[in-house]
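1. Okay, sequence plus prediction incoming.
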Amino acid sequence: MLKENLEYVESQIREACERSGRLREEVTLIAVSKTKPVSVLKEAYDLGVRVFGENKVQELADKYEELPKDIRWHMIGHLQRNKVKYIIDKVELIHSVDSLRLAETIEKEAAKHNITANILIEVNVAKEESKFGLMPEELDEFVSEVAKFPHIQVQGLMTIAPFVDDPEENRGIFQRLRKLSVDIAAKNVDNITMCILSMGMTNDYTVAVEEGAAMVRVGTGIFGARDYMNN
Ligand SMILES: *Cc1c(COP(=O)(O)O)cnc(C)c1O
């Protein structure tokens, strides 16, 4: 099942790249393994998966301890400031930075470890009340402030698009995130690059790839439905 799912997602990404004149290497598939047991992640690992996404600090830290060290872990969920210290030296990228206070804490913890933290700025493109993320109009000021942190490297933007029946409905959201990143890149701010757009989930990742996603975050499409009863 896992093998077939991975092959299917892989073929969908490949085809979306072909349709939009992109190279497959331009897109990183993040296997979103939240709520799944270590045994299932190990199975995915044995099938070649090396990039995993988690949305809870404790779960990520636990899985980090139990699984091979060549896995690249991505923090994709809302991050509380008091928990940054548990993952700062374990993750390749934090996708969900949405406040200056959180960035300050990341700066402080990264400095302690003498590392540079790679982050994405989460943007609430659709302005949904229920979602985290900066509003698009808050981005400029945020960028100029976060640029002052020597232990933070901003790599791009992330968004969680609305849940819709037809993924085409989210195409405009992805286009807007891309436009925002182009506008920020044009300002040439220190410590800010806009190489990565993290957008697209199981329901809409092919549209996201067509619109320039560098990272797609696919959970259900790889691992099947999540069972929250055990969490
Ligand atoms: C759970 C989650 C995903 C994956 O969602 P699926 O619809 O299962 O692919 C992607 N991004 C974030 C931030 C998530 O929390």
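-> Looks like it came in fine.

2. Show me which residues of this protein are close to the ligand?
-> With the criterion set to C-beta under 6 Å from any ligand atom, the chain comes near the ligand through 32, 34, 55, 76-77, 160, 201-203, 217-221. C-betas here are computed from N, CA, C, even on glycine.

3. Go through these and flag which are in strands.
-> Under the assignment DSSP state E, those contribute 32, 217-218 to strands.

4. how about the helices in the protein?
-> Under the criterion DSSP state H, the chain contains helices at 2-19, 38-46, 57-66, 84-87, 100-113, 139-146, 171-185, 205-210, 220-223.

5. quick one: the fifth one to chain centroid distance?
-> It refers to helix 100-113. Remark: helix 100-113 is offset 19 Å from the chain centroid, using C-alpha atoms, centre = their mean, to the nearest Å.

6. Over to the second one?
-> Here the centre of mass of C-alpha atoms in helix 38-46, compared against the chain's by C-alpha atoms, centre = their mean, lies 20 Å away.

7. quick one on the thing from earlier: need the helices of the chain in a markdown table (columns: mean neighbour count, distance to residue 123 and mean pLDDT).
-> Shown next, in a markdown table, are these (neighbours: other C-beta atoms under 10 Å; distance: least, C-beta to C-beta, whole Å; pLDDT from 0 to 100):
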| stretch | mean neighbour count | distance to residue 123 | mean pLDDT |
| --- | --- | --- | --- |
| helix 2-19 | 15 | 22 | 98 |
| helix 38-46 | 16 | 29 | 98 |
| helix 57-66 | 16 | 22 | 98 |
| helix 84-87 | 18 | 20 | 98 |
| helix 100-113 | 17 | 14 | 98 |
| helix 139-146 | 16 | 7 | 97 |
| helix 171-185 | 18 | 6 | 98 |
| helix 205-210 | 24 | 14 | 98 |
| helix 220-223 | 20 | 23 | 98 |
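
8. how much space between residue 157 and residue 46?
-> Distance of residue 157 to residue 46, computed by C-beta to C-beta, to the nearest Å: 33 Å.

9. Please apply the same query to residue 156.
-> From residue 156 across to residue 46, the span is 30 Å (C-beta to C-beta).

10. Hmm, residue 198 is touching residue 157, no?
-> Yes: if you go by C-beta atoms under 8 Å, residue 198 and residue 157 touch, sitting 7.3 Å apart.

11. which residues are in contact with both of the two?
-> Here residue 198 and residue 157 have residue 120 as joint contacts, going by C-beta atoms under 8 Å, 6 or more residues apart in numbering.

12. Surely residue 217 touches residue 28?
-> No: with contact defined as C-beta under 8 Å, residue 217 does not reach residue 28; the gap is 9.7 Å.

13. Between these two, point out the one with more neighbours.
-> Between residue 217 and residue 28, counting by other C-beta atoms under 10 Å, residue 217 is the more crowded of the two (25 against 18).

14. can you pull the contacts of that one?
-> By C-beta under 8 Å, 6+ apart, residue 217 lies in contact with 30, 32, 53, 74, 76, 95, 198, 200-201, 205.

15. Switch those over to CSV; also include distance to residue 211.
-> Output for the contacts of residue 217, formatted as CSV (distance: C-beta to C-beta, whole Å):
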residue, distance to residue 211
30, 17
32, 19
53, 20
74, 20
76, 19
95, 17
198, 12
200, 8
201, 14
205, 11
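
16. Perfect, that will be all.
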